[in-house]
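>>> I'll drop the sequence and a predicted model, then ask my questions.
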Amino acid sequence: MFGLLGYLTSPIGLIALGLLVLCVVHSVRTGNVFPWIYVMVFLPGIGPLIYFFFVIVPELLHGRRAQTFRRGAARAIDPNKDYRAAMREVEMVGSVDAKRALAEQLLQRGQYGDAIELYRNALQGQFATDPALLVGLARAQMLNGDGAGAQASLDALQKADPSFSSQDAHMIYARALELQGKDEEAVGEYQRLVPYFAGEEARTRLGQALDRLGRRDEARAAYAQVLKNLDGAPQRYRKAQREWGDIASRAMRA
């Protein structure tokens, strides 16, 4: 359709050339070279368009990023949609799973007291020691400032199931100790949590707890390790852990 000169001198040609390059690069990176490369080479005008609409567009529409974007857009347009759906499920079905889903929505809305009440309502009968419910209750109690309550909920879970293990529950437990001013105990929990916790939150919180105890050298070592872990890490990881890196960086300068 376009000769090389036409591609370089015509606005439409430049667009067509850009689309061709985009499609060729995409086909190579995704392993779609054959037979698509022949379509693009022997149909230089229409071939890239065919590839774009039959391969790239469906990928964009159904890929993880597209789904995340659509969910984010839906929440921005109607932020209460999930909450209303969870509330309706509780009203119509009233199952334990429905109550847990609504309690999680309440946590996201900062309605910690209501979430606590709903978790306790669900912790009945055969579900009295349900791990998901007890961890959810402990999280709600911790966020509501009730460190002793959160610790008691997780102690009850550990008593019911000594083999239970969860990094999230462990983090809640350590933070619950901090809320009660039990920094020495919290340090011990953070030290046990750091080796298997995914991310830099546990190590950063360890540094903060050590700082409160006046153990500045140990705290600085924890902060320095956070910054070392982030230095040269993949961009996605650095972005996800930016909050903790910023805290560690400020603490090192203090």
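Arrived safely.
>>> going by C-alpha atoms from here, please, whenever you check contacts or count neighbours.
OK.
>>> so which strand or helix has the nearest residue to Ala115 once chain neighbours are set aside?
Spatial nearest neighbour of Ala115, chain neighbours left out: Ala103 (4.6 Å); criterion: Cα to Cα, 6 or more residues apart in numbering. According to DSSP states H and E, Ala103 maps onto helix 96-108.
>>> show me what the next helix or strand after that helix is packed up against.
For helix 96-108, the following helix or strand on the C-terminal side (DSSP H and E) is helix 112-122. The contact analysis (3 or more Cα pairs under 8 Å, 6 or more residues apart in numbering; DSSP states H and E) places helix 112-122 against helix 96-108, helix 131-143.
>>> just those: most buried one?
helix 131-143 (a mean of 24; mean count of other Cα atoms under 10 Å).
>>> now for that one, which elements pack on it?
Against helix 131-143 (3+ Cα pairs under 8 Å, 6+ apart) you get helix 96-108, helix 112-122, helix 147-160, helix 167-179.
>>> contacting residues for the closest residue to Leu134 other than its chain neighbours?
Using Cα to Cα, 6+ apart and skipping residues adjacent in sequence, the residue nearest Leu134 is Ser153, 6.0 Å away. Contact partners of Ser153, counting by Cα atoms under 8 Å, 6 or more residues apart in numbering, are Leu134, Val135, Leu137, Ala138.
>>> can you redo the residues you listed as CSV with distance to Arg216?
Formatted as CSV, these follow (distance: Cα to Cα, whole Å):
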residue, distance to Arg216
Leu134, 35
Val135, 32
Leu137, 34
Ala138, 30
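>>> give me the contacts around the host helix or strand of Met40.
Per DSSP H and E, Met40 falls inside helix 36-42. Helix 36-42 is contacted from outside by Leu20, Val24, Ser27, Ile46, Gly47, Pro48, Tyr51, using Cα under 8 Å, 6+ apart.
>>> one step back: nearest to Ser165 among the contacts of Ser153?
Ser165 has its nearest neighbour among the contacts of Ser153 in Val135, at 11.0 Å by Cα to Cα.
>>> how many other residues sit next to the closest residue to Arg212 other than its chain neighbours?
Nearest residue to Arg212, sequence neighbours excluded (Cα to Cα, 6+ apart): Asp183, at 7.7 Å. Number of residues near Asp183 (other Cα atoms under 10 Å) recorded here: 21.
>>> residues contacting Asp183?
Per Cα under 8 Å, 6+ apart, neighbours of Asp183: Leu177, Ala209, Leu210, Arg212, Leu213.
>>> quick one: the closest residue to His170 other than its chain neighbours from Arg242, how far?
Excluding the flanking residues, the one nearest His170 by Cα to Cα, 6+ apart is Leu193, at 6.9 Å. For Leu193, the distance to Arg242 equals 20 Å [Cα to Cα, to the nearest Å].
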